[in-house]
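Trainee: Whatever this is, show me its structure:
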Amino acid sequence: METPLQILIVEDEPLMVAEIEESLLKAGYQVCGQATSYETALKAMKQTQPDLVLVDIKLDGPADGITTVKELMRIKWVPVIYLTGNADKETLNRAKSTFPAAFLYKPFRMRELSAQIDLAMHNFYAGTIAGAPDLPDHTFLPIGSGYIRVVKAEIQYLKADRGNSELYLTTAGYYRIYPDKPYRAIIISLNLGKLIPYLSTGFYQLSRSIVINLAYLDRIESNRLYIGSQEIPIPDGARKPLIDRLQVVRTR
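Mentor: Coordinates of the predicted model:
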């Protein structure tokens, strides 16, 4: 069973928050937190680690939505959708510097909100949203009660495993960490959605449960692909977006 998308709402109009939350829940999303100001937004971001943030561009207080987003992205890089009434050109230009996934102008239809969220997540996972913060070439990932240092270039692909993730490394990468153990998937104590923002742009989310490193993609067939000796099914409708992401020499 897939984990619902976790969304943080940063909005200081209570009626708008209630309306958005009701619509998100009906659409199958989960509201993991609410905030009305810069300070409460940063606190909620650290506590809830959302997959996407909805932010009112004109929050009351000394720090508006744009300033808030800049700080939120220092905590975790996720897609941002700005909610705005009648923002002037200067404000919109400032907002663009944070590379939002979308702008929604109030009043907006809740069906439009759901469509923009789905598009934002698709583009984010496909690596087409600019503005990624500089990320180190390695990260420390939780396993049980400890951590392992994983070099991102050694990750071949990842697979969701309930609340955890299965990590498949290159042979060299695996034996660097576990020189005396037989090769197998490494179970990371973190769900895939929370792991994705720490990866680099060369990774591609094939589905909600599989992320592949395009550098190791060796072969694509009609309904499956191959990374080394690993055969991975391609979900219905996922082959064309994958092909579009690659440099492909077409026969016609």
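
Trainee: Now do the SS call for K181.
Mentor: coil (DSSP: H, G, I helix; E, B strand; the rest coil).

Trainee: Do a quick rundown of the helices in the stretch 1-150 of the chain.
Mentor: 14-26, 38-48, 65-75, 89-96, 110-125 (DSSP state H, counting those that start in this stretch).

Trainee: That should have said the stretch 151-252 of the chain, apologies.
Mentor: Under DSSP H, counting those that start in this stretch, the stretch 151-252 of the chain gives helices at 171-177, 192-195, 239-245.

Trainee: Would you pull up how far the shortest one lies from the middle of the chain?
Mentor: Helix 192-195 has its C-alpha centroid displaced from the chain centroid by 7 Å (C-alpha atoms, centre = their mean, to the nearest Å).

Trainee: Using CSV, list the CA coordinates for that helix.
Mentor: Taking Å, rounded to 0.1, in the frame of the first residue of the first chain, the C-alpha atoms of helix 192-195 are listed here in CSV:
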residue,chain,number,x,y,z
LEU,A,192,11.4,6.3,-0.3
GLY,A,193,9.6,9.6,-0.4
LYS,A,194,11.8,11.0,2.4
LEU,A,195,14.9,9.6,0.8
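
Trainee: Determine the set of other helices and strands touching it.
Mentor: Other helices and strands packing on helix 192-195, by 3 or more C-beta pairs under 8 Å, 6 or more residues apart in numbering; DSSP states H and E, are strand 155-161. In short, each C-beta sits where N, CA and C put it, glycine included.

Trainee: quick one, what contacts the spatially closest residue to P4 that is not a sequence neighbour?
Mentor: The shortest distance from P4 to any non-neighbouring residue, by C-beta to C-beta, 6 or more residues apart in numbering, is to Q30 (4.1 Å). Residues near Q30 by C-beta atoms under 8 Å, 6 or more residues apart in numbering: P4, L5, Q6, I7, L24.

Trainee: give me that answer again for 7 Å
Mentor: P4, L5, Q6, I7 (C-beta atoms under 7 Å, 6 or more residues apart in numbering).

Trainee: ok, the first one - contacts?
Mentor: Contacts here follow C-beta under 7 Å, 6+ apart; on that basis P4 touches G28, Y29, Q30.

Trainee: Tell me how far the last one lies from I9.
Mentor: This points to Q30. 11 Å (C-beta to C-beta, to the nearest Å).

Trainee: Over to Q49?
Mentor: 15 Å.

Trainee: For those two, indicate the residue with more neighbours.
Mentor: I9 (24 against 19; other C-beta atoms under 10 Å).

Trainee: can you pull the contacts of that one?
Mentor: Here I9 is in contact with V17, I20, E21, V31, Q34, L54 (C-beta under 7 Å, 6+ apart).

Trainee: Just give me the neighbour total for I196.
Mentor: Neighbour tally, I196, other C-beta under 10 Å: 18.

Trainee: Tell me how many other residues crowd the closest residue to it other than its chain neighbours.
Mentor: For I196, ignoring the flanking residues on the chain, the nearest one in space by C-beta to C-beta, 6+ apart is V211 at 6.4 Å. When counting by other C-beta under 10 Å, one arrives at 21 neighbours for V211.

Trainee: Name whatever forms a beta bridge with V211.
Mentor: L158, Q205 (DSSP bridges).

Trainee: So, low pLDDT: which residues of the protein?
Mentor: 1-3, 125-136, 200-201, 252 (pLDDT under 70).

Trainee: got the domain boundaries for it?
Mentor: Split into domains by automatic domain parsing, the chain comes to 6-125, 138-245.

Trainee: What I need now is the ones you listed written out in a markdown table, including distance to T251 for each item.
Mentor: As requested, the domains of the chain are exported to a markdown table (distance: least, C-beta to C-beta, whole Å):
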| stretch | distance to T251 |
| --- | --- |
| domain 6-125 | 27 |
| domain 138-245 | 13 |
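
Trainee: just those: most buried one?
Mentor: Across those, averaging neighbours per residue (mean count of other C-beta atoms under 10 Å) puts domain 6-125 on top, at a mean of 17.
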